[in-house]
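> The sequence and its predicted three-dimensional model are supplied below.
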Amino acid sequence: MITALRKIIQKVHNASDLDSALKLLVKEVKQEMQTQVCSLYLVDKEQGDFVLRATEGLKKSSIGKARLAKSEGLVGLVATREEPVNLEDAFTHPNFKYIEGSGEERYSSFLGVPLIHQRKVLGVLVVQQKERRTFDMEEEAFLVTISAQLASEVAHADATGALVRIQPQKKTRLKEARFSGIPGSSGVSMAEAVVIYPKADLSAVPEHFIEEDEVDGELDALDCALKKVREDIKALQKKTSAVLPKQEQALFTVYLDILDDKALGGEIADVIREGHWAQGAIKRVVKEHVKAFEDMDDPYMSERAVDVRDLGIRLLSELQNTNEASGEYPEECILVGEEITTSQLLDVPSKNLRGIIAVSGSSNSHMAIIARALNVPAVVGAVDLPYDRLHGRQLIVDGFEGLVYCDPGLEIKAHYKQVMEEEALLQANLELDLDKPTVTLDGHRVELFVNTGLMVDIARSIDRGAEGIGLYRTEIPFMIRDRFPSEREQVEIYREQLLAASPKIFTMRTLDIGGDKSLPYFPIEEANPFLGWRGIRITLDHPELLLAQVRAMMIASEGLSNLRILIPMITNVFEVDSCLLLIRRAYKELKEEGYKIKMPPVGVMIEIPAAAYQARALADRVDFISVGSNDLTQYLLAVDRNNPRVADLYESFHPSLLHALRFIVKEAKRAKTPVSICGELAGDPRAAVLLTAMGFESLSMGASQLLKVKYTLRHLTMKDCKQLLKDVFIMDNGEAILAHLSKFFEEKKLSHLIR
Ligand code: PEP
Ligand code: MG
């Protein structure tokens, strides 16, 4: 069974488009199970009913036409029960509904299994047979397994819009379409969409159908790309003619032949004429040729697959360069993509960037954190978003609710204009507190710090009234380069930062890569990156990186004395001891080299449950501790902070997290070590109240949250905060805690701060 399954899934996977994938699926399943019919019904999102999307055995003419209401017929029964329905005699079942013209009348036995993705029924896969019989357990298990695997493919196709496109007769309207995702960064904006794709990655090119009047434009674009690639190859040929042997040079001629209008170039043009966009046409043609070459037994011929793929990538890269309007962005734009990398984000001048929308990610993924740092509204984890059809359209991004509107109508626009005005008013109001200290009504002082990683943050943080930088994520300057920055380069970067914040405290974290933060020039391939080589685990294995970094930090701090060093991802005391040894060694060496520096305070982050329960031992070793609640939450709850599938389980107010946080504070206080928190939680006014009550002395957050937190704390007494903490501490679930917090904020007339 497993071999058959693998074979089918592989074939379906390799299909060049969804239409062919579904056709292949029903054909293969029918053959493997030796049934007379295999059909796939999928939910039509617009009409809410089931439509026959592919069949082997029923009349092909009913594909796209045969429809069943949501709970109609046996298909509807499978969907409502959300489990297989296995019948020996389908006709006698009370739910049986004959679909006119489908040819179904001949088949007695019926086995239908639901296609479920993230608790939602997307469709039903059915096999039918003439003779009366019940399908056996093994057959049922086979179909269930196939449909479980197929479900995520269908959901993905749905998200990228491929699903609607396989019915060309039914043009989809995106007008006023609304898509939901996860709030990534609060705020609302309205602007033109700029869609970005991973560069020169053939597999990432989505299917995109074009209108007839767009064909010429795409052909022209292809022509330009072909010309440019041919020129590049000829130039390369010329350049290497003196150094490469004749035999090797023949390769260039092969390349030019492949690109000829009568070969690959011509085929791609034909696919464009069939209605595909140029990038998709390249992907399709190249994929077919690569497969054909790879299947050849002759080693010389099978190696040609590499050449074709290489040419495909070159062509794609050319097209993407011309399409990307050479780095020019509309005056106001919203970046949209499956995934948006830090460097893509920072490519857009901040004056143009109005919003960010990503299909992947969750509220605490690093992309969302950067969006908050830039104070740009963002929606992440928008898994249903047909993002590749949004380029150039007007969008509204609602980062409060996690909603995206495409081509909004007048009413929606008017509503959001009002929201934007209210938000501006709120900000203006909050700014009245800018220079006031964060003191509760009964005189308890809390320090508010900010998290940064970009130069723009520093300026914003200081003018938001921050008392210092509680977390500077040094990985960002590493991410936007194509190699590790040298010690000298790092000195320059850090000096600029320390100077801008001076005399305020500046907490610099050592490099925290791994997990969802990768460096293009230092790839880490792991099955479980969040449980793998991350943060201090990497830099302790590469002391040369850690030493260069802490040396650079200390050199940069000369004469300023506002530096604090923070170590991320600590799991045990040995890591702390080893780090301290290296930092002290670097300090000693620098002193010997003549630098006039002071040994900076060194702290550790508590982000792993093991560290939380050893808070005392860690606190005894260092000058301060800072809780990284983003990671602590993900590890305590075993929920990947980046995965939209489990975003609902990432509960920032889970009782276990609150108990762990209070435990850490108590332990730190016993060790008389200052304790702060620098996860996103600290920027949530509701959490800030609880954290203050627990005894956190300073809270570090994204700059955009600072004034909201300050306003909240200035309008409450410590007694209020402590009572609230007491109330929620006895609750056994995050929902009840959140409901109680909302009620409290309403009573205190602070609910406008937690929109
Ligand atoms: C955290 O984990 O809470 C944290 C502040 O670090 P990062 O978000 O960069 O992992
Ligand atoms: Mg972390």
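It's in. Ligands and ions are numbered 1, 2, ... in the order given.
> What's the local residue count around Glu422?
Neighbour count of Glu422, defined by other Cβ atoms under 10 Å: 13. Any C-beta I mention is one placed from the backbone N, CA and C, and that applies to glycine too.
> Next to ligand 2 in this structure, residues from the chain, please.
Within the chain, the positions lying close to ligand 2 (Cβ under 5 Å from the ion) are Glu607, Gly628, Asp631.
> can you tell me which of those are in helices?
Judged by DSSP state H, the residues of the chain next to ligand 2 include Asp631 as members of helices.
> Show the subsequent helix or strand relative to the worst-scoring helix or strand of the chain on mean pLDDT.
When each helix and strand of the chain is scored by mean pLDDT, DSSP states H and E, helix 162-165 comes last, with a mean of 52. Using DSSP states H and E, the helix or strand that follows helix 162-165 in sequence is strand 178-180.
> tell me the mean pLDDT for that following strand?
Across strand 178-180, pLDDT averages out at 87.
> touching ligand 1 at all, the helix or strand just after it?
Counting by DSSP H and E, the next helix or strand C-terminal to strand 178-180 is strand 182-185. No: Strand 182-185 stays clear of ligand 1 (Cβ under 6 Å from any ligand atom), getting no nearer than 13.5 Å.
> Output the below-cut-off pLDDT ranges for this structure.
13-16, 156-176, 240, 242-249, 299-303, 321-327, 454-457 (pLDDT under 70).
> quick one: what helix or strand has Val194 in it?
Going by DSSP H and E, Val194 is in strand 188-195.
> mind checking how far the helix or strand following that strand is from the chain centre?
Where DSSP H and E defines the elements, the next helix or strand beyond strand 188-195 is helix 215-240. Centroid displacement of helix 215-240 relative to its chain, using Cα atoms, centre = their mean, to the nearest Å, is 34 Å.
> Show me what helix 215-240 is packed against.
helix 246-259, helix 264-273, helix 278-294, helix 299-323 (3 or more Cβ pairs under 8 Å, 6 or more residues apart in numbering; DSSP states H and E).
> Most proximal residue of the stretch 101-250 of the chain with respect to ligand 1?
Gly184 (13.5 Å; Cβ to the nearest ligand atom).
> Just give me the neighbour total for that residue.
Per other Cβ under 10 Å, the neighbour tally for Gly184 reads 30.
> same question, the one 4 residues further on
Val188: 23 surrounding residues under other Cβ under 10 Å.
> Contacts only, for it.
Residues counted as contacts of Val188 (Cβ atoms under 8 Å, 6 or more residues apart in numbering) are Pro377, Ile396, Val397, Asp398, Gly399, Phe400, Tyr416, Val419, Met420, Glu423.
> Just name the closest of those to ligand 1, please.
Gly399 (18.2 Å).
> Which residues of this structure lie near ligand 1?
Where the chain comes near ligand 1, counting by Cβ under 6 Å from any ligand atom, the residues are Ile369, Leu471, Arg473, Asp512, Glu607, Gly628, Ser629, Asn630, Asp631, Cys678, Gly679.
> Out of these, list just those in strands.
Of those, the ones assigned to strands by DSSP state E are Leu471, Arg473.
> so can I have TSV of the residues of the chain next to ligand 1 showing neighbour count and distance to Glu318?
Formatted as TSV, these follow (neighbours: other Cβ atoms under 10 Å; distance: Cβ to Cβ, whole Å):
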residue	neighbour count	distance to Glu318
Ile369	22	34
Leu471	27	41
Arg473	25	35
Asp512	26	36
Glu607	27	43
Gly628	28	43
Ser629	25	45
Asn630	22	39
Asp631	23	41
Cys678	29	44
Gly679	27	43
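> Can you tell me which of the residues of the chain next to ligand 1 is closest to Ala527?
When the residues of the chain next to ligand 1 are ranked by distance to Ala527 (Cβ to Cβ), Asp631 comes first, at 18.7 Å.
> distance of the closest one from Ser656?
Asp631 sits 15 Å away from Ser656, taking Cβ to Cβ, to the nearest Å as the criterion.
> list the helices and strands whichever helix or strand Asn429 is part of packs on?
Element membership for Asn429, per DSSP H and E: helix 410-430. Contacting helix 410-430 under the criterion 3+ Cβ pairs under 8 Å, 6+ apart are the following elements: strand 188-195, strand 394-398, helix 703-714.
> Go again with 10 Å.
Applying 3 or more Cβ pairs under 10 Å, 6 or more residues apart in numbering; DSSP states H and E, one finds that helix 410-430 makes contact with strand 188-195, strand 394-398, strand 403-406, helix 703-714.
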